[in-house]
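K.L.:
need coordinates for the following:
(2 chains)
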Number of protein chains: 2
Amino acid sequence: MLVVIALSMHAQAQSLLVEKQRFEMPSFTFFNGKTISNVTVGWESYGELNAAKDNVILITHYFTGNSHAAGKYHPDDPAPGYWDAIIGPGKAIDTDRFFVISVDSLANLGVHDPKVITTGPASINPTTGKPYGLAFPVITMRDLVNVQKALLESLGIQQLYAVAGPSMGSMQAIEWASAYPAWIPRLISVIGAAHADAWTTTFLERWALPIKIDPNWQKGDYYESQPPLAGLTAALMFITQDALTPAYFNQQGETLKHQSLAPDVLNDINAEHVITAWLRKRAEARAQSMDANHLLYLVRACQLFLTGQGQDLATGLARIQAKTLFIPATDDLLLMPYHAREAHQSLVANQSDSQYVELQGDLGHLEGVIGIAKHAETIRQFLQD
Amino acid sequence: MLVVIALSMHAQAQSLLVEKQRFEMPSFTFFNGKTISNVTVGWESYGELNAAKDNVILITHYFTGNSHAAGKYHPDDPAPGYWDAIIGPGKAIDTDRFFVISVDSLANLGVHDPKVITTGPASINPTTGKPYGLAFPVITMRDLVNVQKALLESLGIQQLYAVAGPSMGSMQAIEWASAYPAWIPRLISVIGAAHADAWTTTFLERWALPIKIDPNWQKGDYYESQPPLAGLTAALMFITQDALTPAYFNQQGETLKHQSLAPDVLNDINAEHVITAWLRKRAEARAQSMDANHLLYLVRACQLFLTGQGQDLATGLARIQAKTLFIPATDDLLLMPYHAREAHQSLVANQSDSQYVELQGDLGHLEGVIGIAKHAETIRQFLQD
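P.N.:
Here you go, the predicted structure:
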């Protein structure tokens, strides 16, 4: 309810019509050195690639998201892609000028969503004919970046105009700028972080723990039995709350909360508060299109994130040549503004051109997705030159 | 490690020697109307009860705590009770003047700690000869208060000089002041809340979820088999992190974090980051003295909390006659300062005498336990008259 209400505002705006496309690689070697064959991901684009192929903006998506960053598949879709407010003709990321492209991540959480194309633990391992499960290689932000780079190169692209993404998308964007600095003249990090510090590493582990405790998980080998839906549902309940704030949650949840004084919760420890039941129902519905192992792999990729994927943050950040714009959300409880502030300060200390502005609002972390239009003008200006 | 280091500072100070005592009731009727027989809880006291019995300060404990608020059982105990910095001869809560008393909660989390005496789901039901499990009545803050009241009355006490407690202890303290206003002329609420709002209700549910997913939980009927230690451990990992802040956690965890770039987490999804392993090890050790069902009952008691345990907050707060001191912690992520600020503002609007000061510091919620001495003088002044 919370998020659905907010998203429906976007549906008012005119949207592009878009199509999911498929990119296949005969083989892919991961950052950790392992190689698998038949890696396929989905992608979308908005606007036209110019002849010089120098008008490309890559959008990197968040943890529970996919490459549907803007537009609609059908005019009667209930909502457009998540950043439709800033991507489109005449918008901040202007598709009259830019060729905007976005790619489904490896191990994408929404693997059972018919509009998502991904390769991950739930995919069939061609050498066994069965799903990989935990035999799938551990992934890092560098791997997500490398898949995107392979797709861009297949289109003849050799440099981006800019890369931009929220949350886990910010990690990919920063990794791009550090791993391939010549590719990235402009970087926009929204509600992001340049590394997973100790706090974030254990904080993210919370999303993994309920899955690992679920008896149906069976060390990831559940593809021929019942999936660990209870654990996955709990993880999604955590994710939804972590991305919001008390102010927003209480405002929306007040009616529900009052009903939680009903006699059942006072008399039966198994009874559930109305507000918890609401959160659970929403998570259960989302879990249907998602895979628990994919969630574990994305958690690990975020935990392993360190700009440049080397041994220390300073070295990784020092490689960045891009002009940078950081947009954290003031009341973000998941990736608090200190992450962006510290990265910004490091870049400034390195004589880089870096800007820092905050998103205000009760949505907390989600301001970076749903509230992004508040800084549409900042983004438009940043992309001017 | 984090908390142990900080607590060891207390060990420097001279401590009272104290003894755990036992209070038995032949029967007890819960707020929800259910009655059980043979309810026993532990208690401790510091200082002497005067002849008029009008020098009593009740200390109500936090979620993972017990009645060991001050002093040591033996001179060579590694640490004294949790608020020893402000309870003792000449301290802010001066045991040369006050008789300070504290009581183990019903369903106390540390039921297997030899120094805790409690009655809860793990206790033997005298009518079946087996542990209650989920047949134990749902508890509320009012029930914790009513047990304390019965103990005080058994000592001939008819009014308190003050009640004070941190976190869940603050909920009990506020409930005391609303349920029995004539008893409570002074109330100190530390890192507390006057009700569990929608955010807090679902936030607390996180601590319950891993237990309910653990296959060993068996709907609470595990006393003749393996207890749900994986779920309980996960809950305790969450609790520890929720009570701290990124600033403190990262500072202490930085060395551990760097080791998390070791090859194992990059190559094996089952491998654990060093920082997570540290948090888990600590939680596993604590879980040995704790009971998973007790945790569920305390979560529910906190979720059900609404000052006065009636239908609305305003009515409950309007019953309070006490002079009140609210001490939230500025960087508390578990019960953020808005809880105390809103309760304080309601009392002021009711023409009550209410003070509000914040605890500064990197410990977040734990400032209210470990950092309480920062406001020792505020507390001393508040108790002067």
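
K.L.:
so A:Lys374 makes contact with A:Leu363?
P.N.:
No: with contact defined as Cβ atoms under 8 Å, A:Lys374 does not count as touching A:Leu363 (10.2 Å). (C-beta placed from N, C-alpha, C; glycine too.)

K.L.:
the two: who's more crowded?
P.N.:
Each of A:Lys374 and A:Leu363 has its neighbours counted (other Cβ atoms under 10 Å in any protein chain shown); A:Leu363 has more, 24 against 17.

K.L.:
list the residues that contact the more buried one.
P.N.:
A:Leu363 makes contact with A:6, A:244-245, A:248, A:329, A:331, A:370-371, according to Cβ atoms under 8 Å, 6 or more residues apart in numbering or on different chains.

K.L.:
now do 7 Å
P.N.:
A:244-245, A:248, A:370-371 (Cβ atoms under 7 Å, 6 or more residues apart in numbering or on different chains).

K.L.:
so which of those wins on neighbours?
P.N.:
Neighbour tally across these (other Cβ under 10 Å): the maximum, 27 neighbours, falls on A:Leu244.

K.L.:
does that residue touch A:Gly364 like I think?
P.N.:
Yes: because the distance of 5.3 Å satisfies Cβ atoms under 7 Å, A:Leu244 is recorded as touching A:Gly364.

K.L.:
can you check which strand is longest in chain A?
P.N.:
Counting by DSSP state E, the longest strand found in chain A is strand A:35-46.

K.L.:
please see if that strand touches chain B.
P.N.:
No: using Cβ under 7 Å from any Cβ of the partner chain, strand A:35-46 never reaches chain B; the gap is at least 13.5 Å.

K.L.:
direction included, what does that strand pair against?
P.N.:
The pairing partners recorded for strand A:35-46 under DSSP bridges are strand A:21-29 (antiparallel), strand A:99-103 (antiparallel).

K.L.:
that strand: how far from the chain's middle?
P.N.:
For strand A:35-46, the separation from the chain centroid amounts to 16 Å (computed by Cα atoms, centre = their mean, to the nearest Å).

K.L.:
now that strand: buried residues?
P.N.:
Buried positions in strand A:35-46, judged by neighbour count with 16 or more other Cβ atoms under 10 Å in any protein chain shown: A:36, A:39-46.

K.L.:
C-terminal to that strand, what's the next element?
P.N.:
Next in sequence after strand A:35-46, counting helices and strands by DSSP states H and E, comes strand A:56-59.

K.L.:
for the residue of chain A most remote from its centre, which non-adjacent residue is spatially closest?
P.N.:
Centroid-distance maximum for chain A: A:Asn267 at 41.0 Å, with Cα atoms, centre = their mean. Of all residues not flanking A:Asn267 in the chain, B:Asn32 sits nearest, at 5.5 Å (Cβ to Cβ, 6 or more residues apart in numbering or on different chains).

K.L.:
how much space separates the one you found from B:Gln309?
P.N.:
10 Å (Cβ to Cβ, to the nearest Å).

K.L.:
for the spatially closest residue to A:Arg97 that is not a sequence neighbour, which residues are in contact?
P.N.:
Once flanking residues are discounted, A:Arg97 sits nearest to A:Asn55: 6.4 Å by Cβ to Cβ, 6+ apart. By Cβ under 7 Å, 6+ apart, the contact set of A:Asn55 is A:97-99, A:161.

K.L.:
for the residue nearest to A:Asn267, give me its contacts.
P.N.:
A:266-267, B:137-138.

K.L.:
confirm that it sits in a helix.
P.N.:
No: B:Asn32 is assigned coil when assessed by DSSP: H, G, I helix; E, B strand; the rest coil, not a helix.

K.L.:
quick check: it vs B:Asn38, distance?
P.N.:
Between B:Asn32 and B:Asn38 the computed distance is 19 Å (Cβ to Cβ).

K.L.:
tell me the SS of the closest residue to A:Gly308 other than its chain neighbours?
P.N.:
The shortest distance from A:Gly308 to any non-neighbouring residue, by Cβ to Cβ, 6+ apart, is to A:Gly316 (2.7 Å). Using three-state DSSP, the structure places A:Gly316 in helix.

K.L.:
surely A:Gly316 and A:Ser178 touch.
P.N.:
Yes: counting by Cβ under 7 Å, A:Ser178 is a contact partner of A:Gly316 at 4.9 Å.

K.L.:
could you export the buried residues of strand A:35-46 as JSON lines, including pLDDT?
P.N.:
What follows is the buried residues of strand A:35-46, written out as JSON lines (pLDDT from 0 to 100):
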{"residue": "A:Ile36", "pLDDT": "98"}
{"residue": "A:Val39", "pLDDT": "98"}
{"residue": "A:Thr40", "pLDDT": "98"}
{"residue": "A:Val41", "pLDDT": "98"}
{"residue": "A:Gly42", "pLDDT": "98"}
{"residue": "A:Trp43", "pLDDT": "98"}
{"residue": "A:Glu44", "pLDDT": "98"}
{"residue": "A:Ser45", "pLDDT": "98"}
{"residue": "A:Tyr46", "pLDDT": "97"}
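
K.L.:
model confidence over the longest helix along chain A, on average?
P.N.:
Secondary structure of chain A per DSSP state H: the longest helix is helix A:198-213. Averaged across helix A:198-213, pLDDT comes to 96.

K.L.:
can you show me the CA trace of the helix or strand following it as CSV?
P.N.:
Using DSSP H and E, the helix or strand that directly follows helix A:198-213 along the chain is helix A:229-242. Taking Å, rounded to 0.1, in the frame of the first residue of the first chain, the C-alpha atoms of helix A:229-242 are listed here in CSV:
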residue,chain,number,x,y,z
LEU,A,229,9.3,-18.8,1.0
ALA,A,230,9.0,-18.0,4.8
GLY,A,231,12.6,-16.9,4.9
LEU,A,232,12.4,-14.9,1.6
THR,A,233,9.2,-13.3,2.9
ALA,A,234,10.9,-12.2,6.1
ALA,A,235,13.8,-10.8,4.1
LEU,A,236,11.4,-8.8,2.0
MET,A,237,9.6,-7.5,5.1
PHE,A,238,13.0,-6.3,6.4
ILE,A,239,13.9,-4.7,3.1
THR,A,240,10.6,-2.7,2.8
GLN,A,241,10.9,-1.3,6.3
ASP,A,242,14.7,-0.6,6.0
